[in-house]
Every structure is written in C-alpha cells, then in structure tokens.
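Enquirer: below is the sequence, then the predicted model.
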Amino acid sequence: MPAKHPRLIRRGAVYHFRVHIPLDLRDHYRGRKEITASLRTTDPKEALRLVRTRSEAQEQEFDRIRAGCKVTEFTNEQIAELVQRMMAEELHADEQSRMQGSYMNIVDEDTGNLQHLESELRRALARGDVSLVRAQTAEILHGVGVTLDSQSTAYRALAYQILKASVETVHALLARNRGDVVKTPSPPPAGPKPSASRVTLRHLLDNWRVEREPTARSRQEWELSVRRFEQLHGSLSVQEITKAHIVAVRGQMLQAGLSVPTARKNIGALSALLQMAADDELVPTNVARGVKPRGAKVKTEARLPYDANDLQRILAGPVHANGERPQGGAGEAAFWLPLLALWTGARLEELGQLRPEDVRHAEGGILYLEITDRGEGTSVKTASSRRRVPIHDELIRLGFLDYVCQCRTAGHDRLFPELRRSGHGRWTPAWSQWWGRYCRRVLKLTDNRKVFHSFRHSFKDACRACGITEEIHDALTGHSGGGGVGRGYGARQFPLGPLVEAMKRLRYVGIEGLHFWGR
C-alpha cells in the first residue's frame with residue numbers, strides 16, 4: 001500500500017518532502033512558494049516516518065520565523081543530534097539501495113569514487129577546511145530553519161562536526177563495499193511534537209493545493225469554505241476547532257439560504273482538511289466527521305434522456321434547420337456541440353475544450369476524437385475519461401471534418417474559438433446557460449430534468465438498444481465501469497477496433513430519415 005501523507009510525494013522510485021510556504025512567510029523565503037527535499041529512500045514506510053519528522057521540523061521553522069526568533073549558536077547536544085541524524089539517514093538510504101540490488105553492478109566504480117572522496121575529506125579535516133561540506137551544512141540549517149553567518153564561530157562548530165561525520169560515513173560505506181557488516185544507526189529520538197497552535201485551516205488548505213494540484217474551480221470552492229469558517233469563528237488553530245464550530249458553520253449556511261448540496265460541499269471540504277490534520281497527527285480525530293447538512297429524504301429525480309420527439313424538436317429548431325446563430329451560442333458551437341454530444345456521448349466540457357489536433361487519424365483510416373488533459377486549458381473528470389472516440393459516419397456526412405479543416409486553415413487553436421473560459425477555468429458554463437434558455441424559450445422543452453447532459457443519457461440508451469455491450473459503451477463515454485480486476489490489465493487505452501464496430505451499429509430510432517440544414 002503506498003505511503004500517504006499530505007507532504008509526501010514520489011519522483012521516480014524516491015520519496016520527497018514537499019510543503020507549501022504560507023503566504024505570510026514568502027517574503028522571508030524570497031518569494032518561493034514551496035520547499036522540496038529528497039528523503040533519500042524508496043521504502044514507503046521509512047518515507048512516511050521521515051516525512052513526519054521533516055514536517056515537524058518544518059513547522060518549528062515556520063514558528064521560529066513568525067516569532068522573530070534568531071538562532072546564533074547551537075549547544076553541543078544539538079550539534080550532536082543533527083549530525084547523528086544526518087549519518088543515520090545517509091546509511092539507511094544506502095542500506096535500502098543494497099537490499100534492492102541497486103549496488104550489484106556498480107560496487108567497484110562506487111568504491112573508487114568513495115576512496116577519492118575519503119582522501120579529499122581527510123585532507124580537509126587535517127586542515128580544518130569546512131568548505132567541502134558547505135552543501136551538507138546548508139541543508140541541515142535549512143531543515144531546522146536557521147541562518148548562520150558562514151564566518152561565525154557557531155557555523156564553523158557545526159560544519160566541523162559535519163566534516164568529521166562525513167569521514168565516518170565514507171568509512172562505513174567503504175566497509176560495506178568490502179562486505180563488512182556495518183550496522184545502520186537509529187536516528188536520535190525526535191524531540192517533543194511541535195505545537196499545532198499555529199496550524200490553521202488555511203495552512204492545511206495551502207498544503208492541499210500543493211499535494212492535490214486541484215482545478216481552479218476546486219481551489220475557489222475550498223477557499224470559500226475556509227473563508228466562511230473564518231468569518232464565523234476567526235483563524236482558530238486545528239487543536240481549538242471542535243465539532244460545535246463545524247455544526248455552527250452548517251447552521252449559518254442553511255440560515256443564509258444556501259442549498260443543502262452547497263452546504264454539504266462546504267462541510268465536506270472542511271472535513272477533508274481536518275482529516276489531513278488527523279492523518280498528520282496534529283489532532284487526535286477529525287471533529288467534522290459525521291457533520292452533514294440534513295435535507296429532504298426524497299432525492300431529486302435524476303436527469304432524463306432526450307427521447308425521439310425531443311431530438312426531432314432540437315434538430316428541427318432554428319439553429320439546425322435554418323442556420324441561425326443566436327447570441328450566446330458561441331457561433332458554430334451552437335450547431336456542433338449538440339450533434340457531437342448526440343453521436344459521441346461526451347460531456348459538454350470535454351467537447352467545448354476540443355482543439356483541431358484532437359481530431360486524429362489512426363491506421364486503417366480510422367478517424368477519432370482524443371479526449372485528453374494534456375493540452376493547455378484541457379481537463380478530464382476522471383482517469384477513465386481520457387479516451388478515444390471514433391467519429392460517427394453521421395458527423396462526417398454533416399460536414400464535421402470540413403469544419404475542422406476550416407478551423408485549422410484559420411489558425412484557431414480551439415474547435416470552438418468563440419467559447420470563453422470562466423473564472424473557474426472552464427469553457428462551457430456560459431454556453432450551458434444559453435442552451436437551457438434556448439431549449440425552454442425557443443424549442444419549448446420545459447422539463448427541468450432534461451438538460452444538455454441528457455444527450456449523454458440518450459447515447460447510453462441508444463447503445464443498449466443497438467446491442468452494444470456495457471464494456472464498449474463505457475469505454476466510449478469514459479465511465480470506469482465494473483467488470484472486476486481484469487479490466488485493469490492490458491493496454492492503457494481501449495483498442496479502437498471494437499469501438500469503431502460499435503459506432504457503425506449506433507443509430508437513433510425516430511430520427512434516421514431526418515434531414516436538416518447542414519454546413
């Protein structure tokens with residue numbers, strides 16, 4: 001099971017520590033936004049232990065900076081603890097590499113390098129020259145949040161002990177290369193846990209942004225959740241927050257007229273942040289767990305698909321029958337987005353973000369849409385949403401490929417250049433509102449359960465009616481589906497062949513002979 005910690009990341013096989021620098025401390029760090037450091041281990045359990053220790057030290061550093069403390073020297077005991085920890089971590093990382101067989105083919109080369117390093121360190125130690133361990137000294141000072149003048153007595157005292165420890169460490173590594181048994185020392189016990197008195201929801205929010213890399217919309221929603229808490233209770237530490245505080249936020253939101261789903265989303269964000277604090281052992285439990293806005297027990301009726309009559313009305317409307325382009329419809333997006341949704345089952349945002357290069361060719365002349373999050377301004381809802389969707393013959397008959405060619409010739413970087421991104425970084429929110437107005441006022445489709453997403457439901461129903469298996473239409477629509485563990489094996493992308501065959505079978509009863517204005 002992978003190690004989990006809000007400040008633990010993995011780059012390749014090696015684990016790293018990463019923390020977001022709070023806004024109030026960025027000037028001290030010369031504008032940097034985060035701190036990263038290698039934990040020098042590939043073992044998840046050890047990484048979890050090291051990241052907790054490093055996280056504690058980092059919080060101490062932040063507290064010292066906020067308090068305006070200046071460390072000018074270390075005690076002998078503090079120096080000994082820092083140096084012992086450095087040696088223990090170095091030898092532990094070495095032992096982990098040997099256990100995994102990483103040294104099998106490089107022992108001879110490594111021995112030569114170590115012998116050269118030992119010679120350099122010995123000469124430096126004989127002269128009292130600490131410049132050779134300047135990098136190690138800086139790393140240790142950074143880890144504990146201390147800045148020392150390199151000409152000061154305190155700096156030289158620490159660096160000299162690091163130099164001696166480096167010689168000992170190289171001796172130990174050479175002995176291991178000879179096959180000698182060299183015990184890996186345990187790091188000195190960590191001091192008492194830093195007080196969580198300065199760790200607030202906003203600190204946790206900063207960590208969440210770095211760890212999860214959320215979308216702009218999610219960042220804005222979680223920021224609003226924290227702001228609502230602070231407006232009611234102020235900037236409390238996580239240790240001061242009680243269940244009563246969360247319940248009060250819930251009550252305040254409902255009294256202000258927010259819907260139950262909105263209040264539930266806000267409370268969920270607070271609960272997730274407090275769970276991070278609990279996972280990091282800053283608090284014993286997540287006090288927000290179980291606090292949920294209570295709404296009506298009867299669920300709102302689910303979205304309905306567009307039936308044959310609805311589709312006939314849409315395709316006979318002024319956009320598709322008369323070539324009209326109403327204000328708000330974003331030009332050709334008004335014409336093509338409904339048709340693409342009908343014949344691909346894709347989500348509105350997946351279609352709105354399409355670029356000309358997302359219309360691709362495969363071997364055998366197969367044309368398909370690539371739905372991806374690799375390009376700028378693109379995103380997907382889930383990992384399974386990354387997919388290839390063959391282009392149905394009906395879209396080709398209507399001139400979709402000609403339209404794509406026109407976009408490329410015009411140099412557009414989007415298939416629908418008149419769509420504008422919202423404050424959340426999405427392309428279709430405004431267009432979705434226009435579609436709702438167009439359906440209600442012009443097409444007279446007044447059932448609130450039928451929205452643009454109904455095309456996706458219609459597509460799924462049509463697949464079932466045409467005998468297309470669930471596995472295939474899940475692959476077309478980007479649903480993860482069930483089917484057991486076996487679906488996780490094999491190629492990362494579903495093969496195009498079965499998808500193409502499915503598209504050849506796909507049809508909609510009731511609109512087969514309907515001809516309307518094309519391009």
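Expert: Here it is on my side, so go on. Numbering: from 1, shown residues only.
Enquirer: domains of the chain?
Expert: 8-177, 196-279, 308-505 (automatic domain parsing).
Enquirer: nearest to residue 184, out of those?
Expert: For the domains of the chain, the distance to residue 184 is smallest for domain 8-177, at 4.7 Å, taking C-beta to C-beta. Backbone N, C-alpha and C define where each C-beta goes, glycine included.
Enquirer: can you give me the end-to-end distance of the closest one?
Expert: Domain 8-177 has its terminal residues 31 Å apart, counting by C-alpha to C-alpha, to the nearest Å.
Enquirer: kindly reformat the domains of the chain as CSV containing distance to residue 511, mean neighbour count and mean pLDDT.
Expert: Compiled in CSV, the domains of the chain are given as follows (distance: least, C-beta to C-beta, whole Å; neighbours: other C-beta atoms under 10 Å; pLDDT from 0 to 100):
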stretch, distance to residue 511, mean neighbour count, mean pLDDT
domain 8-177, 50, 16, 79
domain 196-279, 34, 17, 84
domain 308-505, 5, 17, 86
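Enquirer: turn the ones you listed into TSV, including distance to residue 293.
Expert: Output for these, formatted as TSV (distance: least, C-beta to C-beta, whole Å):
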stretch	distance to residue 293
domain 8-177	29
domain 196-279	4
domain 308-505	22
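Enquirer: of those domains, which approaches residue 186 most closely?
Expert: Residue 186 sits nearest to domain 8-177 of all these, at 6.4 Å, using C-beta to C-beta.
Enquirer: thought residue 498 was touching residue 474?
Expert: No. Using C-beta atoms under 8 Å, residue 498 is not in contact with residue 474; the gap is 11.8 Å.
Enquirer: contact partners for residue 288?
Expert: 243, 246, 267, 270-271, 274-275 (C-beta atoms under 8 Å, 6 or more residues apart in numbering).
Enquirer: redo those residues as JSON lines? Include secondary structure and distance to residue 52.
Expert: As requested, the contacts of residue 288 are exported to JSON lines (DSSP: H, G, I helix; E, B strand; the rest coil; distance: C-beta to C-beta, whole Å):
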{"residue": "243", "secondary structure": "helix", "distance to residue 52": "26"}
{"residue": "246", "secondary structure": "helix", "distance to residue 52": "26"}
{"residue": "267", "secondary structure": "helix", "distance to residue 52": "28"}
{"residue": "270", "secondary structure": "helix", "distance to residue 52": "23"}
{"residue": "271", "secondary structure": "helix", "distance to residue 52": "22"}
{"residue": "274", "secondary structure": "helix", "distance to residue 52": "18"}
{"residue": "275", "secondary structure": "helix", "distance to residue 52": "16"}
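Enquirer: nearest to residue 324, of those?
Expert: Checking these against residue 324 by C-beta to C-beta gives residue 267 as the nearest, at 44.8 Å.
Enquirer: wait, that closest one touches residue 291, no?
Expert: Yes. Counting by C-beta under 8 Å, residue 291 is a contact partner of residue 267 at 5.8 Å.
Enquirer: sorry, back to before: among the contacts of residue 288, which pair sits farthest apart?
Expert: Going by C-beta to C-beta, the pair spanning the contacts of residue 288 furthest: 243 and 275, at 13.8 Å.
Enquirer: quote the end-to-end distance of stretch 359-369.
Expert: Per C-alpha to C-alpha, stretch 359-369 runs 5 Å from first to last residue.
Enquirer: and the contacts of it?
Expert: By C-beta under 8 Å, 6+ apart, stretch 359-369 touches 340, 344, 346, 354, 358, 370, 388-391, 396, 401, 404, 415, 496, 499-500.
Enquirer: could you list which of the residues you listed belong to strands?
Expert: Among the contacts of stretch 359-369, the ones falling in strands (DSSP state E) are 370, 388-390.
Enquirer: look up how far residue 456 lies from residue 479.
Expert: Per C-beta to C-beta, to the nearest Å, residue 479 is found 10 Å from residue 456.
Enquirer: list the residues that contact residue 133.
Expert: Per C-beta under 8 Å, 6+ apart, neighbours of residue 133: 124, 159, 162-163, 166.
Enquirer: same list, the ones in strands among the contacts of stretch 359-369, but as a markdown table with distance to residue 140 please.
Expert: Below are these laid out as a markdown table (distance: C-beta to C-beta, whole Å):
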| residue | distance to residue 140 |
| --- | --- |
| 370 | 48 |
| 388 | 51 |
| 389 | 54 |
| 390 | 58 |
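Enquirer: out of those, who's nearest residue 305?
Expert: residue 389 (18.5 Å).
Enquirer: now do the contacts for the closest one.
Expert: With C-beta under 8 Å, 6+ apart, residue 389 has these contacts: 344-346, 368-369, 371, 476, 499.
Enquirer: what's the closest of those residues to residue 183?
Expert: residue 371 (54.5 Å).
Enquirer: for the closest one, give its distance to residue 429.
Expert: Applying C-beta to C-beta, the value for residue 371 to residue 429 is 19 Å.
Enquirer: again with residue 123
Expert: 67 Å.
Enquirer: now residue 278
Expert: As judged by C-beta to C-beta, residue 278 and residue 429 stand 35 Å apart.
Enquirer: now do residue 209
Expert: Separation of residue 209 from residue 429 (C-beta to C-beta) stands at 22 Å.
Enquirer: what does residue 118 give?
Expert: Distance, residue 118 to residue 429, using C-beta to C-beta: 64 Å.
Enquirer: what does residue 280 give?
Expert: 35 Å.
Enquirer: now residue 156
Expert: Residue 156 is 61 Å from residue 429, by C-beta to C-beta.
Enquirer: can you give me the buried ones in stretch 276-292?
Expert: Of all the residues in stretch 276-292, those buried under the rule 16 or more other C-beta atoms under 10 Å are 276-278, 280, 282-283, 286-288, 291.
Enquirer: run the chain-centre distance for that stretch.
Expert: Computed by C-alpha atoms, centre = their mean, to the nearest Å, the chain-centroid distance of stretch 276-292 equals 21 Å.
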